[in-house]
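Engineer: Following is a predicted model, sequence given first.
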Amino acid sequence: AIYILSIKCELENIKQIKGIEHNLWKLNIKSTDNSDSRQGITVSDNEIIELDGSKGNANFVIKWSKGSSQSYIKIVNVKNIECNYNENDSNKWKPILGFECRGIEIDSWIPGYDFTVETSGGYIFDSVNLEEKEWAEYDE
């Protein structure tokens with residue numbers, strides 16, 4: 001299954017927020033049969049893991065306690081989806097990232113230091129902390 005991460009932000013004096021390259025996306029996941037779950041796992045396109053008995057690879061791999069095969073998450077490119085959100089998107093849901101999942105369901109995304117913010121004045125804030133699901137700063 002392909003899961004799409006979408007965000008909705010209220011932008012004020014912000015030109016854009018952009019996903020950090022090779023970010024560690026923090027997720028809560030569960031097995032597709034709901035027998036097991038994990039909280040706060042991280043997935044990055046920078047970590048490539050070979051799948052057992054396959055020529056394929058993934059960015060996160062787990063063997064659930066009740067399963068014998070590997071379950072995985074792979075960050076995938078999805079047509080017309082870019083990991084940015086600009087002032088024209090303000091207050092609208094926008095897809096920013098795709099995850100291909102086998103044997104795993106994504107319960108939720110845990111925001112953290114996932115984005116760089118560019119203000120309308122051109123100032124850039126790196127690794128903005130969105131753990132509290134809101135952020136404010138001054139552009140001097």
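Structural biologist: Here it is on my side, so go on.

Engineer: Output the lowest mean pLDDT helix or strand found in the chain.
Structural biologist: strand 124-128 (a mean of 89; mean pLDDT, DSSP states H and E).

Engineer: Below-threshold pLDDT in this protein: ranges please.
Structural biologist: 139-140 (pLDDT under 70).

Engineer: what helices or strands is the strand ranked longest in it leaning on?
Structural biologist: Using DSSP state E to define each element, the chain has its longest strand at strand 94-102. Contacts defined by 3 or more C-beta pairs under 8 Å, 6 or more residues apart in numbering; DSSP states H and E place strand 94-102 against strand 2-7, strand 71-76, strand 84-86. Every residue, glycine included, has its C-beta placed from N, CA and C.

Engineer: between the second one and strand 2-7, how big is the angle?
Structural biologist: Strand 71-76 and strand 2-7 meet at an angle of 60 degrees, taking axes from the mean of the first three to the mean of the last three C-alpha atoms, to 10 degrees as the criterion.

Engineer: which residues are in contact with strand 71-76?
Structural biologist: 2, 25, 27, 29, 31-32, 43-45, 49, 51, 57-64, 97-104, 106 (C-beta atoms under 8 Å, 6 or more residues apart in numbering).

Engineer: Buried residues, the least confident helix or strand of the chain. List them.
Structural biologist: 125, 128 (16 or more other C-beta atoms under 10 Å).

Engineer: contacting residues for Glu131?
Structural biologist: Glu131 neighbours (C-beta under 8 Å, 6+ apart): 110-112.

Engineer: Just the buried residues of stretch 58-73, please?
Structural biologist: So for stretch 58-73, counting by 16+ other C-beta under 10 Å, buried means 58-62, 64, 70-73.

Engineer: of all these, which comes closest to Gln39?
Structural biologist: For these, the minimum distance to Gln39 (C-beta to C-beta) is 12.8 Å, reached by Ile62.

Engineer: Quick check: the gap between that closest one and Glu12.
Structural biologist: Distance check for Ile62 against Glu12: by C-beta to C-beta, to the nearest Å, it reads 40 Å.
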